[in-house]
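1. with the input below, show me the fold.
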Amino acid sequence: MSRILIIDDNETLASGLVLMLNRMGHESIAVSSGAEGITALESKDFELIVTDFRMNEMDGLQVLSEIKERWSEKDVVVMTAYGSVDIAVEAMKLGAVDFISKPFPHDAFRLKIGKVLEFRRARLANKRLDDENKYLRNEISKRYNFGEIIGCSDVITKLMESVSKIAISDSSVLIYGESGTGKELVARAVHYQSERSKMPFIKVNCGALPKDLVESELFGHEKGSFTGAVSQRKGKFELAEGGTIFLDEIGDVPTDIQVKLLRVLQERQFDRVGGEQTLDVNVRVVAATNRALRKMVNQGDFREDLYYRLEVIPLSIPPLRERAEDIPLLVDHFIEKKCSEMNLPLKKFSQKALTSLREYSWPGNVRELENVIERSLVMAEEDEIDQQELHIEKRDENEFPNFSGESLKNRLDKIERDLIISAMNESGGNKKSAAKQLGVKTTALYYKLEKYGLE
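-> Next comes the predicted model:
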C-alpha cells in the first residue's frame, strides 16, 4: 500500500481517480489546486503525487518544481492534454518520473501507477543496498585483522580463545574493560569471525550522543517527527541489518531508551521516531562498558531485564598493568604503525626505556601507550629512544584530576598543544627557537603545528 496525492481542479476526475486507487489498496486523497497540494505534503508523507498540468494560479510544472526543490525523493506523475509532447518532455526534464496523456482509460492509469510504484520500490531497495555497501567498504578499508589484538600473555591468549568460541553463536555479548583497553577491537573480532562477517559492523558510542538524539540515532526518524527532521533517516539498527551493532558505553544509555533496546533484543522489532510502521530487524548486539553495570542495576540506574539480555556472554578485557609482558610486543607494533603513518625512519626504544614502560601503571591502558609511543617518536633526536626521552605524564595517583568524561587522548593533546603555544609565544613565533625550548627537532615542531592547526 502506498500514499498517493492527486492534484487536479477537475473534482469529478480527481474523485474517480481516488476511488480507483483506493480499490487498488492504496491510501489516496485529492486536492483541487497546486497550493493545496503543497500544504498537504507539508502535513503528510506521500510516496507518489499525480498532478494535472493545466490548473489556475499554479500549473503542474510549477507544482513539480516546488516539490522537487523541497522533497527531491518524491515521485511525481504529470497529467497532460493529448498531444502535449513539449510539456511532457519539460516535465521529465524537471524531474517527473512519468507522464500520462488525457483522456486515458482506467486500465492505462492503473497500469501506469503500478509501474511507477514498482520502479520506486526497486530504486529504494537499491539505495538500501548502496548504503549497506558503503558501510562494508568503510569496514574493509580499515584493514581489520585479528592480529590487531596484540599480546602473548595468558590473559590475552584466553581472551582470544573465548572470542573464537563465541563468534560462531548469535548470542548477545557484553564486554567489560577500562577505557583504552581495546573493547572495540574485541567487538570487531567477534563480528569478523562470525557468519555475519560479510554484513555491516556498525559502531555507536552511546556516551557521546546527546540525550535528545539517542533514539533517533539508534532507530531513525520520519520526516517532520521533530524540529530539524527535514527528511526520513535510517537509524543504526536499520543500517546494521544482517550484521552486528556495537553499543559502546552502554551504561550511558538513558532509562527511557533502555526500554526500547529491550524490545529490540526480545522481539527483534522497533519503530522509527514519529513512525507508524513497526520494522523487523536481524542484528547481533555486542555492547561494552567501563562501568559496573551490576551496581547500576542495584542502584536503579540500569534496567535489570536489559542487563540480563545483554550479558548472555560476558567478556572481560584485562587492563594493561595486568599484562605488562605484552608491552614490548605492543611497542614494536605501534613503532611500525606510527613510523609508517608519519613517514619517519624506524626507531627503537632502549632496554631502560622498555623497563620504564613496563613499570608504569598505564591508567589510560593501550590507548595511552599508543599516544606515548607517537609522542616519543616525533620528539626523539636519535634513532634510539632512551629512558629520559620518554614523554610520559607521570604523577602520583592522588594528583590525577577528577574524571570529567573527556578521553585521555584529548586531555594529553590539550596539554601538548598548550605547551607548544606557550613556547611559540615566548619565542615570538620563531619556530627554531620554540623547538629548542621544547627540546625537539624543528621538523617535529612543524608536524605538531600542522596537527593542532597552529600554522
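2. how much space between residue 331 and residue 384?
-> 13 Å (Cβ to Cβ, to the nearest Å). All C-beta atoms are positioned from the backbone trio N, CA, C, and that covers glycine.
3. mind listing the shared neighbours of those two?
-> Common neighbours of residue 331 and residue 384 (criterion: Cβ atoms under 8 Å, 6 or more residues apart in numbering): residue 349.
4. who's more crowded, these two?
-> Between residue 331 and residue 384, residue 331 has the larger neighbour count (other Cβ atoms under 10 Å), namely 23 against 11.
5. can you check the pLDDT for that one?
-> As predicted, residue 331 sits at a pLDDT of 92.
6. equivalent analysis for residue 401, please.
-> 47.
7. now the one 5 residues further on
-> Residue 406 is assigned a predicted lDDT (pLDDT) of 58.
8. one more: the one 5 residues further on?
-> Among the per-residue scores, residue 411 shows a pLDDT of 73.
9. show me what the helix or strand hosting it packs onto, helices and strands only.
-> Taking DSSP states H and E as the definition, residue 411 sits inside helix 408-426. Other elements packing on helix 408-426 under the criterion 3 or more Cβ pairs under 8 Å, 6 or more residues apart in numbering; DSSP states H and E are helix 365-379, helix 431-438, helix 442-451.
10. quick check: mean pLDDT across the longest one?
-> Meaning helix 365-379. So the average pLDDT for helix 365-379 ends up being 91.
11. cool, and stretch 242-262?
-> 93.
12. quick check: phi and psi at residue 9.
-> phi -80, psi 0 (degrees, to the nearest 10).
13. measure it to residue 33 for me?
-> 6 Å.
14. what do you get for residue 100?
-> Per Cβ to Cβ, residue 100 is found 20 Å from residue 33.
15. again, but for residue 214
-> Distance from residue 214 to residue 33, by Cβ to Cβ: 42 Å.
16. equivalent analysis for residue 347, please.
-> To residue 33, residue 347 is 74 Å away according to Cβ to Cβ.
17. and residue 110, which of the helices and strands packed on helix 408-426 is closest to it?
-> helix 365-379 (61.7 Å; Cβ to Cβ).
18. using PDB, list the CA coordinates for the closest one.
-> The C-alpha trace of helix 365-379 is given here as PDB (Å, rounded to 0.1, in the frame of the first residue of the first chain):
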ATOM      1  CA  ASN A 365      45.800   1.500  29.100                       C
ATOM      2  CA  VAL A 366      46.700   0.600  25.500                       C
ATOM      3  CA  ARG A 367      45.400   3.900  24.100                       C
ATOM      4  CA  GLU A 368      47.800   5.900  26.400                       C
ATOM      5  CA  LEU A 369      50.700   3.700  25.400                       C
ATOM      6  CA  GLU A 370      50.000   4.400  21.800                       C
ATOM      7  CA  ASN A 371      50.000   8.100  22.400                       C
ATOM      8  CA  VAL A 372      53.200   7.900  24.400                       C
ATOM      9  CA  ILE A 373      54.900   6.000  21.500                       C
ATOM     10  CA  GLU A 374      53.700   8.500  18.900                       C
ATOM     11  CA  ARG A 375      54.900  11.500  21.000                       C
ATOM     12  CA  SER A 376      58.300   9.900  21.800                       C
ATOM     13  CA  LEU A 377      58.900   9.100  18.100                       C
ATOM     14  CA  VAL A 378      58.100  12.600  17.000                       C
ATOM     15  CA  MET A 379      60.200  14.300  19.700                       C
END
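19. show me what that helix is packed up against.
-> helix 327-341, helix 408-426, helix 442-451.
20. can you lay out those as a markdown table showing distance to residue 63?
-> Output for these, formatted as a markdown table (distance: least, Cβ to Cβ, whole Å):
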| stretch | distance to residue 63 |
| --- | --- |
| helix 327-341 | 54 |
| helix 408-426 | 51 |
| helix 442-451 | 52 |
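21. nearest to residue 165, out of the ones you listed?
-> helix 327-341 (23.3 Å).
22. residues in contact with the closest one: which ones?
-> Counting by Cβ under 8 Å, 6+ apart, residues outside helix 327-341 touching it are 150-152, 320, 344-349, 354, 357-358, 366, 369-370, 373-374, 377.
23. go again using 6 Å as the cut-off
-> 150, 346, 354, 357, 358, 369, 370, 373, 374, 377 (Cβ atoms under 6 Å, 6 or more residues apart in numbering).
24. would you confirm that the third one belongs to a helix?
-> Yes: assigned with DSSP: H, G, I helix; E, B strand; the rest coil, residue 354 falls within a helix.
25. show me what contacts it?
-> With Cβ under 6 Å, 6+ apart, residue 354 has these contacts: residue 328.
26. that one and residue 335, how far apart?
-> 11 Å.
27. go on, the last one?
-> Plainly put, residue 377 is 7 Å away from residue 335 if you go by Cβ to Cβ.
28. where do the strands sit along the stretch 201-350 of the chain?
-> 201-205, 244-248, 269-271, 278-280, 284-289, 313-316, 348-349 (DSSP state E, counting those that start in this stretch).
29. give the buried residues for stretch 321-329.
-> 323, 326, 327 (16 or more other Cβ atoms under 10 Å).
30. verify the stated contact: the first one with residue 153.
-> Yes: applying Cβ atoms under 6 Å, one finds residue 323 in contact with residue 153, separated by 4.2 Å.
31. what residues are up against residue 244?
-> So residue 244 contacts 191, 196, 201, 284, 286 (Cβ under 6 Å, 6+ apart).
32. shouldn't the third one be in contact with residue 193?
-> To tie it back to what came earlier, the one meant is residue 201. No: shown here, residue 201 and residue 193 do not form a contact pair, counting by Cβ under 6 Å, at 11.7 Å.
33. which one of the two is surrounded by more residues?
-> Neighbour count, other Cβ under 10 Å: between residue 201 and residue 193, residue 201 has more, with 26 against 17.
34. find the nearest non-adjacent residue to the more buried one, please.
-> Nearest non-adjacent residue to residue 201, counting by Cβ to Cβ, 6 or more residues apart in numbering: residue 191, 4.7 Å away.
35. pretty sure the one you found is in a helix, no?
-> Yes: under three-state DSSP, residue 191 sits within a helix.
36. residues near it, how many?
-> 24.
37. can you tell me how far it is from residue 78?
-> From residue 191 to residue 78 the distance is 47 Å (Cβ to Cβ).
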